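**Student:** Based on what follows, work out the 3D shape:
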Amino acid sequence: MRRWLLAGSILVLLVSPAAAQTPADKVIRGFAGMTTAFLEIPGNMVRESDARGPAVGIPLGFAKGCGMIVPRVLVGVWEFMTAPFALPDYQPILEPEYPWSYFEGRGPPRR
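**Tutor:** Next up is the predicted model:
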C-alpha cells in the first residue's frame, strides 16, 4: 500500500504544471466536494439572500442548495479521481471553487 501511495504522490508531482492550479489543488477540491457538499445549502441561502433579500433568498437558496449537493459530490469524485491528469484542465469545474467559499469575506458589518 505504501508503494502505491508513494508512486501516486510522485506521479502527481511529475505531472504538475507550472500554473496556478495543480493536481494537488484538484485533489483538495475533490476531497472537499465529496466531504463538505452539505455546505451548499447554507451557502446558497446566503448568496440568494444577499441578492434577493431574505424572504425570497432563504427558501430559494435552500432549494438551490439541495439541488447542488449531488453535482458537488459527483464533481468532487471526478476531480479526486482524475487529479493526476489535466482532464479537462486543472481549473475548477464548479463555482465557487470550494463549498465554504460562499462565506468568505462575510462577517459582522464594520462601522
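
**Student:** hang on, Val75 packs against Glu95?
**Tutor:** No - under the criterion of CB atoms under 8 Å, Val75 is not in contact with Glu95, lying 11.0 Å apart. Glycine gets a C-beta too; all of them are placed from N, C-alpha and C.

**Student:** These two: which has the busier surroundings?
**Tutor:** Val75 (19 against 6; other CB atoms under 10 Å).

**Student:** So which residue is smack in the middle of this structure?
**Tutor:** Closest residue to the average C-alpha location of the chain: Tyr98 at 3.0 Å, with CA atoms, centre = their mean.

**Student:** Quick one: neighbours of the residue nearest to that residue when sequence neighbours are not counted, just the number.
**Tutor:** Among residues not flanking Tyr98 along the chain, Ala32 sits closest, at 5.2 Å (CB to CB, 6 or more residues apart in numbering). Ala32: 20 surrounding residues under other CB under 10 Å.

**Student:** What residues sit buried inside the helix or strand where Ala32 lies?
**Tutor:** In this structure, Ala32 is located in helix 23-35 according to DSSP states H and E. Under the neighbour-count criterion of 16 or more other CB atoms under 10 Å, helix 23-35 has 23, 25-30, 32-34 buried.
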